[in-house]
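Asks: model this:
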Amino acid sequence: MTERFLRADGCPVCRSREIEPWRKGTFDYTDLRADQIKVTDSAYGKIWDLSVCAACGHIFADPYPSPEFIASLYGEVEDPLYDQEAEGRAQNFLPILDRLDALRPERGALFDVGAATGILCDAARRRGWTVDGIDPSSWAVRFAAEKYGLALREGGFEDALVPPASFQAVTMVDLIEHTPRPRDAVVKAFSILAPGGWLCLVTPDIHSRAARLAGRRWWHLRPGHLAYFSKDSLRILLEDAGFRIVEIHRYAWTFSLHYLVSRFRWLHTFTQPRSTSFLRRIPIKLALGDSFEIYAVKDRSS
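Replies: This is a model prediction of the structure:
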């Protein structure tokens with residue numbers, strides 16, 4: 001039988017063996033369930049036992065779930081609340097598409113990794129991109145087909161049979177922190193990009209001011225997040241795969257007021273049916289500066 005949890009024998013990014021304990025976990029990971037790792041989980045402050053790499057600053061779960069075990073859990077995830085925020089989530093993806101449109105005016109084929117219910121793919125398709133994508137959740141893939149008419153792939157990205165050098169853009173929005181195989185994921189992205197193609201990667205920054213101020217209640221400290229990257233570890237991860245980083249920004253999220261107040265139990269009185277539709281029409285932009293937004297290119301000489 002495959003072990004559900006494994007110990008790290010080195011840094012998942014730079015492979016250095018100079019790793020040491022960083023922070024003690026705050027939940028029983030041995031009882032990890034699919035509902036704890038869905039996108040709209042609000043168990044903020046629940047973290048794995050975390051180790052840190054002295055060489056590149058990467059922070060990661062140690063022990064961590066085996067790729068087979070975590071893939072099986074994501075396959076079971078159902079998250080109807082995710083699509084209830086579809087309008088706001090689509091707004092989150094528009095700045096990414098704006099940058100990709102500027103970097104790649106001729107558009108082309110775009111592959112979204114961790115596509116969920118297909119919101120980003122649908123928005124990209126409306127702009128003239130040919131879209132493809134993958135998500136491990138059977139429910140999400142079915143939903144994308146029913147709502148948007150998208151034929152997303154079901155399963156894990158790292159081992160998916162995707163034609164090499166066939167895409168002009170790959171998006172990984174809040175994806176890389178969920179996988180125990182970050183190197184494999186980025187190498188795979190490089191392999192499916194054509195020369196001159198672009199990768200957009202968004203991931204939390206645990207060293208940001210917002211993360212420090214929020215402390216143990218930071219919203220990116222949650223069971224689904226297995227790793228927290230530093231600027232150095234992201235540079236190493238991408239450059240080792242063959243990418244050249246061109247732009248680094250701070251990502252901003254947009255949610256409805258209803259979604260934000262629903263994150264906190266003490267505010268649930270404001271999310272009764274009579275107020276739900278009104279609160280969903282009020283967008284709130286969270287420019288917290290606590291996520292990296294990186295654009296990296298596969299040079300034509302690669």
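Asks: Look up how far Leu32 lies from Leu234.
Replies: Leu234 sits 26 Å away from Leu32, going by Cβ to Cβ, to the nearest Å. Just so you know, the C-beta spots here come from the backbone N, C-alpha and C atoms, and that holds for glycine as well.
Asks: Tell me, how many residues neighbour Val202?
Replies: Look at Val202: counted by other Cβ atoms under 10 Å, it has 21 neighbours.
Asks: quick one: strands adjacent to the helix or strand hosting it?
Replies: Using DSSP states H and E, Val202 sits in strand 193-204. Using DSSP bridges, the strands paired with strand 193-204 in its sheet are strand 167-173 (parallel), strand 291-297 (antiparallel).
Asks: out of the ones you listed, which comes closest to Pro204?
Replies: Nearest to Pro204, of all the strands paired with strand 193-204, is strand 291-297, at 5.2 Å by Cβ to Cβ.
Asks: Quick one: the strands in the stretch 201-302 of the chain, in order.
Replies: Listed in chain order, the strands of the stretch 201-302 of the chain (DSSP state E, counting those that start in this stretch) span 227-228, 244-250, 253-256, 283-286, 291-297.
Asks: Determine which stretch of these is the most buried.
Replies: strand 227-228 (a mean of 24; mean count of other Cβ atoms under 10 Å).
Asks: Figure out how far that strand is from the centre of its chain.
Replies: Centre-to-centre, strand 227-228 and its host chain are 11 Å apart (Cα atoms, centre = their mean, to the nearest Å).
Asks: Direction included, what does that strand pair up with?
Replies: strand 59-61 (antiparallel).
Asks: Compute the distance from the centre of the partner strand to the centre of its chain.
Replies: 15 Å.
Asks: Just the buried positions in it, please.
Replies: Ile59, Phe60, Ala61 (16 or more other Cβ atoms under 10 Å).
Asks: any idea which of these is closest to Val170?
Replies: Phe60 (22.4 Å).
Asks: Where does the prediction get shaky in this protein?
Replies: 1-2, 253, 255-287, 302 (pLDDT under 70).
Asks: and which of the buried residues of strand 59-61 is nearest to Phe69?
Replies: Of all the buried residues of strand 59-61, Phe69 sits closest to Ala61, with 12.3 Å by Cβ to Cβ.
Asks: and that closest one, what are its bridge partners?
Replies: Leu50.
Asks: Let me see the contact set for it.
Replies: Tyr29, Trp48, Asp49, Leu50, Ser51, Pro180, Leu226, Ala227 (Cβ atoms under 8 Å, 6 or more residues apart in numbering).
Asks: before we move on, back to that, who's more crowded, Leu234 and Leu32?
Replies: Shown here are Leu234 and Leu32; by other Cβ under 10 Å, Leu234 has more neighbours (25 against 19).
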